[in-house]
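In: structure for the following, please:
(2 chains)
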Amino acid sequence: MTVKKRTEDLTFFQKIYVAEIGRGLMLTLKNMFRPKVTMQYPEVKFIPPASYRGRPVLVQENNGVERCVACGLCSRVCPALAIEVQASETELEKERYPEKFEINMLRCIFCGFCEEVCPEEAIVMSKDYELVFTNREDAIYDKDKLLTSVDKLKDRLEFLRKFK
Amino acid sequence: MPKFIVDGKEIEFQQGQTIIEAAKAAGIKIPHFCWHPSLSISGNCRVCLVEVEKMPKLVIACSTYATEGMVVNTKSEKTLEARNAVMEFILINHPLDCPICDEAGECKLQEYAYAHGKGESRFEEIKNRKEKRVQLGPHIKFDGERCISCSRCIRFSDEIAKANQLTFIKRGDRVTITTFPGESFDNPYTLNTVDICPVGALTNNDFRFKSRVWEMSSNNSVCIGCARGCNTEIWVRNNEILRLTPRRNDGVNKYWMCDHGRLNTFKFVNSEDRIDGAFVRKDGQLVKNEWEAAINYAAKELKKFKANEIAFIGSPYSTCEDNFVMLKFAKSIGVTNINFLEHIIPGNQDDILIREDKTPNSLGAELVGIKSVSNGSNTDATLRSIKEGKIKALYVMEDDVASFSDEWEQALGKLDLLIVNAANQSKTTLLADILLGASTFAEKNGTFVNFQGIVQRIKPAVATEEMDRALDGMNMSRWDKFGTKYDRWMQGHKYNSKPSWKIFTLLSIELNGKLKYEMAEEIFNDIANSVESFKGLDFDLIGEQGIQIKNVNAGKRMEVKNF
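Out: Numbers count the residues shown, from 1 in each chain, chains lettered A, B, ... in the order given. Here you go, the predicted model:
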């Protein structure tokens, strides 16, 4: 390959860059008066839109009962094998409930398949993206951590009704 | 042989075969709910409708005999349309509750709805409500809404279990199943109806909601509940046995097994009282030891006694391999006092499956050369010798000898040395000086010989510390395949136990080095070479269905009778 030669040299005016520097400074100046987009996280929290896929949570009805019937479909569909469910019998009409429901957040890839497959709309992706743990055991979230009141999940549930 | 044509393929059939039977034999599957190969024909589900040329209407394949030159079409447009219509009809009142139904995953209705259903229903009315969660008998819950009235369970109880306990009541879409007034569905074979129920209407109380079927692995095995040796599958999740189901073997148990075998022969495998490791008595207490140290100690202790002061008790619960290696080991140190104790409950048998001999391998133990003592009899020579002080050391393999009678228990207490191989705690293990954790039937390879003289293979389904699920060829579920040690669903306890033949081999290495077995298969080949009845057999020949042994002279125990 032959080296291409510059067809035209810069003019003197271009060489001293004053105009370019001036244009750069103008841009900075303009942005100083624009609204700020940087968030002061963690002092200010980012509240994601309804379509956001944060950590999966279990929906708890206002009477304290979880919607989940422990059918195990989320567990089956999970490509990362993050979910473990153990069913048990309840006197309620739904017959089954999850005696144990664990999501290993080290395995979870936030794909949302569990939410998509759920026949009861019982597991949904929340807006929670702040996941911190210091060992493997803490990364396994059990029912206590997963159960979330249906009121807090209104956004997502509405989004699912519309677009799922 | 006469021939007829199914889907353009000419197939042979035997006179008297129905279309569905002949097609099945030729590998053509016709959908069916109510038809079962070993039950009478009922013909009420209508899903097996097929088109036969020159017949004005579609006919049901399960009750139409195949005839010479008949042309059957199982995939024609007319057939498919009829099948779709039948599926739609059955699904009108069937609840859409697969997520909470135990049958999901092995449900005929689910499979056919997927394969032949329309995927939608034109039925907008409210579905019928019927009784749910009805306790039909001690082991079975019945869900009236899920029932598709195929009558398989009714025919099973009438024809196979010979107990007329179930019946249909009401008519039309209100039809439901119940027991006759005052009756409970409590015959010894009830749980087979759960297997043959094409939907989830009948569920097993014991297994209900324990696991989805696709989460478990299944391995072929043999039931240890009695001398019948019903072929089974062991279903395991997280290294815990969750259920047993019968496996077809026409020569032994056909499609069935009894409730006792299904419910009571596996729970000890994962129970709290398993002997987990090797124990040696120190200052009156059994203390856990390393296997090497315990074996070493056992060998040293055995050496202290003369050969005629030692006796061995084998076990009809153990495999042929275990008994054979025990026999060889005992003989190699000069011991001749070798027996096993029968476990017979006289009269506790029927003409269906249950046998009065409650052990899976008494015939096998006898064939490999161990004498039987009738039912732990108190007049037995071994017991007498222990009481007289002639026998001072006793080795008990996988049997609870002390539970036979107080006399046995007292006799064991008198011994100077009692070595026990056992899987679970028992009266005998409490008296043991050296206690070695034995693998159960679900954790080892081996063979049982049932009362008909059929040699059958058992295969491991549960991993122990020395048995690896993948390396030892056990079937694996998706969870087993991809799990790591950090996943809770992989952390099921693995017991530190060894099969008895391995324990005797280790002892032998310590004492005289005469036994050098590394696999159960080697031992079986050895048995085949040295025991007349097993001549020419190997694990491959036994296969999944077992094999009848030849020229046996096993006396009263053997009964060649087909059921």
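In: center of chain A - which residue?
Out: A:Gly54 (2.6 Å; Cα atoms, centre = their mean).
In: return the distance of stretch A:20-29 from the chain's centre.
Out: Stretch A:20-29 has its C-alpha centroid displaced from the chain centroid by 37 Å (Cα atoms, centre = their mean, to the nearest Å).
In: avg pLDDT for it?
Out: Rounded to a whole number, the mean pLDDT of stretch A:20-29 is 94.
In: what's near enough to touch the closest residue to chain A within the stretch 301-450 of chain B?
Out: Residue of the stretch 301-450 of chain B nearest chain A, by Cβ to the nearest Cβ: B:Ala442 (21.4 Å). C-beta here means a position set from N, CA and C on the backbone, and glycine is covered the same way. By Cβ atoms under 8 Å, 6 or more residues apart in numbering or on different chains, B:Ala442 lies in contact with B:Ser221, B:Ile234, B:Ile241, B:Phe266, B:Val269, B:Ile458, B:Pro460, B:Ala461, B:Val462.
In: that one belongs to a helix?
Out: Yes. Per DSSP: H, G, I helix; E, B strand; the rest coil, B:Ala442 lies within a helix segment.
In: and the residue nearest to the centre of chain A, that's in a strand?
Out: No. With three-state DSSP as the criterion, A:Gly54 is located in coil rather than a strand.
In: nearest spatial neighbour of A:Leu146, skipping sequence neighbours?
Out: Nearest non-adjacent residue to A:Leu146, counting by Cβ to Cβ, 6 or more residues apart in numbering or on different chains: A:Leu58, 4.4 Å away.
In: ugh, wrong one, A:Cys118
Out: A:Cys118 sits nearest to A:Cys74 (Cβ to Cβ, 6+ apart), 5.9 Å away.
In: same check on A:Arg67?
Out: Nearest non-adjacent residue to A:Arg67 (Cβ to Cβ, 6+ apart): A:Ala122, at 3.6 Å.
In: next one, pLDDT for that neighbour please.
Out: So, for A:Ala122, pLDDT stands at 96.
In: give the contact list for it.
Out: A:Leu58, A:Val59, A:Glu66, A:Arg67, A:Cys68, A:Val69.
In: rerun at 7 Å
Out: Contact analysis of A:Ala122 by Cβ atoms under 7 Å, 6 or more residues apart in numbering or on different chains lists A:Leu58, A:Val59, A:Glu66, A:Arg67, A:Cys68.
In: helices and strands of the chain: which one has the lowest mean pLDDT?
Out: Looking at chain A here, since you left the chain open. The weakest-scoring helix or strand in chain A, judged by mean pLDDT, DSSP states H and E, is helix A:12-15 (a mean of 84).
In: ah, no, chain B please
Out: For chain B, counting by mean pLDDT, DSSP H and E, that's strand B:371-373 with a mean of 86.
In: which bits of chain B sit near chain A?
Out: Applying Cβ under 7 Å from any Cβ of the partner chain, we find that chain B lies next to chain A at B:99-100, B:208-209, B:212, B:214-215, B:479, B:482, B:486-489.
In: can I have the buried ones of these as a PyMOL selection?
Out: To isolate the buried members of these in PyMOL, using 16 or more other Cβ atoms under 10 Å in any protein chain shown:
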select buried, chain B and resi 99+100+208+209+212+215+479+487+489
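In: among the residues of chain B next to chain A, which one lies nearest to chain A?
Out: Nearest to chain A among the residues of chain B next to chain A, with distances taken as Cβ to the nearest Cβ, is B:Pro99, at 3.3 Å.
In: tell me the helix or strand right after the least confident helix or strand of chain A.
Out: Of the helices and strands lying after helix A:12-15 in sequence (DSSP states H and E), the nearest is helix A:18-32.
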